[in-house]
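> what's the 3D shape of this:
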Amino acid sequence: MSFELPNKKEIELRYEAYRPAFNEILDKVTASLKKNLHLSSNPTYKNRIKSFNSYYKKILRQKAKESGESKELVTLTDMIGIRVICPFVEDLAEVEKQVSEIYDVKEIEKKGAEQSFCEFGYESVHILIAVPEDCRPVEHTEVVLPENLVCEIQVRTILQDAWAEVEHELIYKSEFNPFDKPLRRKLASINASLTLADIIFQEIRDYQKKLQNELGTRRNTFYEKADDYSMEVLEMNKESSSKASESPVESPFTKGSIDDLVLQALHEHNVGNFEKAVSIYTQIIGSKPVPPDVVLSVIYKHRGMAYFAQNIYENALEDFTKSFEYDPKSFRSIYYKGIVFSVMNRNAEAVKCFDKSLEINPFQSHVFYRRGLTYYNMGEYNLAMQDVTNAVNLGLEDDDLKELRNKLIKKFDMGM
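Predicted coordinates for the structure are as follows:
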């Protein structure tokens, strides 16, 4: 039985009549995704309306009979396509979750290496969504949208997207079908390398998150202790060390590389095991090969904070000094040194440290506050008020700053 091909010209005219409406939908859905997707790292977006030639080839493969008989547009799921390109593997699941919560999802397909040798060895997510009501065309209403019209959202990592682009040029556009085993092995090797790279990037990302969490906890604890001395309240809190020894919290980080030791030290530091934290910091400093200067600067800074937490101020000063020597741009190290001096009532030396920190980075509202507090303790009320004003102008609005400002206003009122 003979088969008559669908009328290509008629189908092209029908398809192109929809293109303006499709473009309007594409722009609106892309804008909606950019507005509604919230990730820790911003994704990039690519979008396109399927070219007619690609559309025609696909309906010949999948819907030849329907396209030959129908007088309406025969729809495909990928006529309107948007690609969300994410830095990390973890982002794929997050995009899928958020898209499912926001839009009317019709289908989710996850493609992997089991389908063919030329695909990635991990997930590439394709999500079909109904066209949202607020994304339907209002400027191009000359055509009636098919009821089953969907947008395809592809979610890939940067490396997956790179492979997809190369794969398209290397295989599909050139009709290259490598049956030769050495060529197949080369493609498989590329896939494996890219897969491993994405996994490593994700592991680094996970490490950074753990590190930042520990650093944030440790830094807040340091400032809280420094705040105990604010406004001349110099009571020493010695309960944290004893509590830590009574109820030890096991570190979730295993020993091994310097990265592991850093996380373990920060964890011990954060739960109040200061002596153990100092011991691990010291181990890192003395490790072989000698760590780079920037690493030593960071470790000396942390060990100085652990000494400070134990009221061992001279050791803290030495470590903050060392930290600054290894990294002369470390404005925090010299700032922390100033805090120690202020706690020791060595106010003139504290001011010099705050000056140096602000010289390196003049946008530190909290340093202006600390220097203003030190000036207040020195009786330099005009200089203190200048620093309070600078801190406010940089956006600092905490209660300690307001209290210092009120104290200064009272001083000025009494002097009038």
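
> hey, let's count contacts and neighbours off CA atoms from now on
Fine.

> what is the burial count for Asn347?
Applying other C-alpha atoms under 10 Å, we find 21 residues neighbouring Asn347.

> what sits against it?
Counting by C-alpha atoms under 8 Å, 6 or more residues apart in numbering, Asn347 makes contact with 341, 374-375, 377-378.

> same deal with Arg405?
385, 388.

> now do 7 Å
With contacts defined as C-alpha atoms under 7 Å, 6 or more residues apart in numbering, the neighbours of Arg405 are Val388.

> got the buried residues for the helix or strand hosting it?
For Arg405, the host element (DSSP states H and E) is helix 399-415. The neighbour-count check on helix 399-415 (16 or more other C-alpha atoms under 10 Å) flags 401, 404-405, 408 as buried.

> swap in stretch 271-285?
271-275, 277-278, 280-281, 284-285.

> so which helix or strand takes in Glu359?
Here Glu359 is assigned to helix 347-360, by DSSP H and E.

> quick check: next helix or strand after that helix?
Next element after helix 347-360 (DSSP H and E): helix 365-377.

> outside of that following helix itself, list whatever touches it.
342, 347, 351, 354, 381, 383-385, 387-388, 390-391, 394, 396, 401.

> quick one: mean pLDDT over it.
Mean per-residue pLDDT for helix 365-377: 93.

> equivalent analysis for stretch 152-165, please.
86.

> same question for stretch 383-399.
On average, stretch 383-399 scores 91.

> Glu147 should be in a strand, yeah?
No. Per DSSP: H, G, I helix; E, B strand; the rest coil, Glu147 lies outside any strand segment and is coil.

> how near is Lys111 to Ser365?
As judged by C-alpha to C-alpha, to the nearest Å, Lys111 and Ser365 stand 50 Å apart.

> now do Leu404
Plainly put, Leu404 is 14 Å away from Ser365 if you go by C-alpha to C-alpha.

> same question, Thr321
22 Å.

> tell me the mean pLDDT over the helix or strand harbouring Glu94?
Per DSSP H and E: Glu94 is located in helix 90-102. Helix 90-102 comes out with an average pLDDT of 93.

> secondary structure class for Pro289?
coil.

> just the pLDDT at it, thanks.
Note on Pro289: pLDDT of 86.

> buried ones only from the contacts of Asn347, please, as a ChimeraX command.
A single ChimeraX command is used to select the members of those judged buried by 16+ other C-alpha under 10 Å:
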select :341,374,375,377
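
> pipe the contacts of Asn347 into JSON lines and attach distance to Gly68 per row.
Shown next, in JSON lines, are those (distance: C-alpha to C-alpha, whole Å):
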{"residue": "Phe341", "distance to Gly68": "86"}
{"residue": "Thr374", "distance to Gly68": "85"}
{"residue": "Tyr375", "distance to Gly68": "86"}
{"residue": "Asn377", "distance to Gly68": "89"}
{"residue": "Met378", "distance to Gly68": "91"}
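
> assumed Pro328 was part of a strand.
No. Secondary structure of Pro328 (three-state DSSP): coil, not part of a strand.

> ok, it to Ser67 distance?
Pro328 sits 71 Å away from Ser67, going by C-alpha to C-alpha.

> many thanks, we can stop here.
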